[in-house]
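Engineer: got a predicted model here, sequence first, then my questions.
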Amino acid sequence: MGKTDLDLRALKKCKALIEAQLDWGPAHEWEARDFTNLSNLIFDRTRARLSETTLKRIWGRVKYRNFPSASTLEVLVNFLGVASWREFKLQEQLNGEPVVFDGTSIFSSKRRGIQLLGLLLLLALGALPFMFFSNDSEGHHNEIVFQSEVLAGKFPKAVKFEIDSLEKRQSDRTIRLYGDDNRIDVRIRPDEHATIGMYYYPGVYRAKLLKENTVVKEKDVVLKSEDWLTTLTKGFSVDYFQNATDPGFSGLRLRPSFVDSLGGNINDKELIYHLTPPFVNFKGDNFSLATTVGFEDRQETATLCKRGRIVLLGNKNKLIVPFMGNHCSKPFEIKFGDNEAFTSEKYDLALLRFDFNKEHDLNLKISDRTLTLEVDGNKTVSIPYTNDLGQIMGIRFGFEGDPLGMVTALQLVNHNNTEMVYSFSNR
């Protein structure tokens, strides 16, 4: 493939973005196994294989005068979530300065950064198309417009955040993006107006615009799944499956034959079932959830800690209720938002330790600022809380320690109007 100055600049950026995402240290210090691991990560994410030798050539560890082939370049940018090398080059043609990200220089375009925190990736790429909700944190900042756009396509989803300010005296601002467990701060100079976040899961995410360390605008980004979406995650690698159409699934359970067909050791991958449908007027202050969870009939061993969690996504906070097998010895906690936790050391959460040789019925009820849990119809615990979920926007079921976690029944009832919000059974 012939090379131009633009090609060279774009390849340099592409490598830098990959290096920043991996966070394995300087590429010139990478060992042979690092290139093997990168080859596997690229295959996991793109289903296309670049050999260790090809990667060593790209990173200059093996002498090679030719420019990478078009197909190789396509795979590299696909790994970053970009549709094509042509699109990637176009963005490089439009931009081109280093970025200062939390005071650390990370190569990017037009001072936009890339970093993977939890499952939020901040990218320096052009506009793609989504859905957003916004509110002003302080009403007197109406001179600043803080907008978002969800870019079309399947997950991972790109969200573009733009700033338009009419202030006469403009200064640096910070866009703070929140992922599932972490946050990214990116500084935006007065002559800059946008950044892009890549979100790997459906859910509700918060973005804040700060000026002089004060929040002046906030925005909630809701990334929806039309139906149940399943992810298998390990490190930077996320595989996506549509439960309704993928033959590997039977409702919210993976067929054992499908898991076997994936090959390798996938017990260390996290399995998550996601649903963020258009719930309407579903407030999180008076509702119940009834579900049946378990694992496929596999022998539980003393060295395998099977565990799971239910996550209710509100537009103000999220509720996380864990459950785990008898062989898991670590303490655990129920979390209600970022600042309210109920530990197994303080509350009797023994009912959430399961014998996973069978399925278990778990009922959850929220009413009068009290969370009540019931397992298998006879074990209960009630916990008072203070945080507010707000509107319920979605739900997740997560499983670790065994990829055959399953949900065989689910009912969500809104007791404010006695409406059955959602129901299914696969028993």
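Structural biologist: Sure thing, it's come through.

Engineer: what's the helix or strand for Asp260?
Structural biologist: helix 256-262 (DSSP states H and E).

Engineer: pull out the buried positions in that helix.
Structural biologist: Phe258, Val259 (16 or more other C-beta atoms under 10 Å). Yep, even glycine has a C-beta here, placed from its N, CA and C like the rest.

Engineer: before we move on, what about stretch 290-297?
Structural biologist: If you call a residue buried by 16+ other C-beta under 10 Å, then stretch 290-297 has these buried ones: Ala290, Thr291, Thr292, Val293, Gly294, Phe295.

Engineer: what residues does it touch?
Structural biologist: 253-254, 256, 306, 308, 310, 323, 354, 356-364, 397, 399, 402, 404-411, 413, 427 (C-beta atoms under 8 Å, 6 or more residues apart in numbering).

Engineer: let me see the mean pLDDT of the helix holding Asp260.
Structural biologist: The average of the pLDDT scores along helix 256-262 is 75.

Engineer: by contact count, what packs against the helix or strand following it?
Structural biologist: As assigned by DSSP H and E, the chain's next helix or strand after helix 256-262 is strand 270-275. Contacts defined by 3 or more C-beta pairs under 8 Å, 6 or more residues apart in numbering; DSSP states H and E place strand 270-275 against strand 229-234, strand 392-400.

Engineer: what's the mean pLDDT across the next helix or strand after the last one?
Structural biologist: Put plainly, it is strand 392-400. The helix or strand immediately downstream of strand 392-400 is strand 405-414, counting by DSSP H and E. The average pLDDT within strand 405-414 is 93.

Engineer: may I have strand 405-414 exported as PDB, CA atoms only?
Structural biologist: Once non-C-alpha atoms are left out, strand 405-414 reads as follows in PDB (Å, rounded to 0.1, in the frame of the first residue of the first chain):
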ATOM      1  CA  GLY A 405     -25.100 -18.200  34.600                       C
ATOM      2  CA  MET A 406     -28.800 -18.000  33.800                       C
ATOM      3  CA  VAL A 407     -32.000 -16.100  34.500                       C
ATOM      4  CA  THR A 408     -35.100 -18.300  34.000                       C
ATOM      5  CA  ALA A 409     -37.800 -15.900  35.200                       C
ATOM      6  CA  LEU A 410     -38.300 -12.200  35.800                       C
ATOM      7  CA  GLN A 411     -41.100 -10.000  36.800                       C
ATOM      8  CA  LEU A 412     -41.000  -6.200  37.400                       C
ATOM      9  CA  VAL A 413     -44.100  -4.600  39.000                       C
ATOM     10  CA  ASN A 414     -44.700  -0.900  39.500                       C
END
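
Engineer: got the angle for that strand vs strand 270-275?
Structural biologist: Strand 405-414 runs at 30 degrees relative to strand 270-275, counting by axes from the mean of the first three to the mean of the last three C-alpha atoms, to 10 degrees.

Engineer: just the CA atoms of the helix or strand following strand 405-414, as PDB, please.
Structural biologist: Next along the chain after strand 405-414, taking DSSP H and E as the criterion, comes strand 419-425. Output of strand 419-425 as PDB, limited to C-alpha atoms (Å, rounded to 0.1, in the frame of the first residue of the first chain):
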ATOM      1  CA  GLU A 419     -48.600  -2.200  36.400                       C
ATOM      2  CA  MET A 420     -46.700  -5.300  35.300                       C
ATOM      3  CA  VAL A 421     -43.700  -3.500  33.800                       C
ATOM      4  CA  TYR A 422     -41.900  -6.500  32.400                       C
ATOM      5  CA  SER A 423     -42.300 -10.300  32.600                       C
ATOM      6  CA  PHE A 424     -40.800 -13.400  31.100                       C
ATOM      7  CA  SER A 425     -40.300 -17.000  32.000                       C
END
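
Engineer: buried ones in stretch 269-281?
Structural biologist: Lys269, Glu270, Leu271, Ile272, Tyr273, His274, Leu275, Thr276, Pro277, Phe279.

Engineer: if you could redo that for stretch 208-216, that was the one I meant.
Structural biologist: Applying 16+ other C-beta under 10 Å to stretch 208-216 flags Lys208, Leu209, Leu210, Lys211, Val216 as buried.

Engineer: among these, which one sits closest to Gly390?
Structural biologist: The closest of those to Gly390 turns out to be Lys208 (C-beta to C-beta; 16.6 Å).

Engineer: not counting sequence-adjacent ones, nearest residue to that closest one?
Structural biologist: If you skip the residues right next to it in sequence, Lys208 has Arg176 as its closest partner in space, 4.4 Å away by C-beta to C-beta, 6 or more residues apart in numbering.

Engineer: just to check, the one you found is in contact with Arg187?
Structural biologist: No: Arg176 is beyond contact range of Arg187, at 10.4 Å (criterion: C-beta atoms under 8 Å).

Engineer: so these two - more neighbours on which side?
Structural biologist: Per other C-beta atoms under 10 Å, whichever of Arg176 and Arg187 has more neighbours is Arg187, with 18 against 15.

Engineer: so what's the gap between stretch 72-91 and the chain middle?
Structural biologist: Relative to its chain's centre, stretch 72-91 lies at 21 Å (C-alpha atoms, centre = their mean, to the nearest Å).

Engineer: mind saving the C-alpha coords of that stretch as CSV?
Structural biologist: Output of stretch 72-91 as CSV, limited to C-alpha atoms (Å, rounded to 0.1, in the frame of the first residue of the first chain):
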residue,chain,number,x,y,z
THR,A,72,-4.3,-4.8,8.2
LEU,A,73,-5.1,-1.1,8.7
GLU,A,74,-8.8,-1.8,8.7
VAL,A,75,-8.4,-4.4,11.5
LEU,A,76,-6.3,-1.9,13.6
VAL,A,77,-8.9,0.8,13.5
ASN,A,78,-11.8,-1.7,13.9
PHE,A,79,-10.1,-2.6,17.2
LEU,A,80,-10.5,1.0,18.2
GLY,A,81,-14.2,1.0,17.3
VAL,A,82,-13.8,2.9,14.0
ALA,A,83,-15.6,1.6,10.9
SER,A,84,-12.8,2.1,8.4
TRP,A,85,-9.3,3.3,7.8
ARG,A,86,-10.7,5.9,5.5
GLU,A,87,-12.9,7.3,8.3
PHE,A,88,-9.9,7.3,10.7
LYS,A,89,-7.7,9.2,8.2
LEU,A,90,-10.5,11.8,7.6
GLN,A,91,-10.5,12.6,11.3
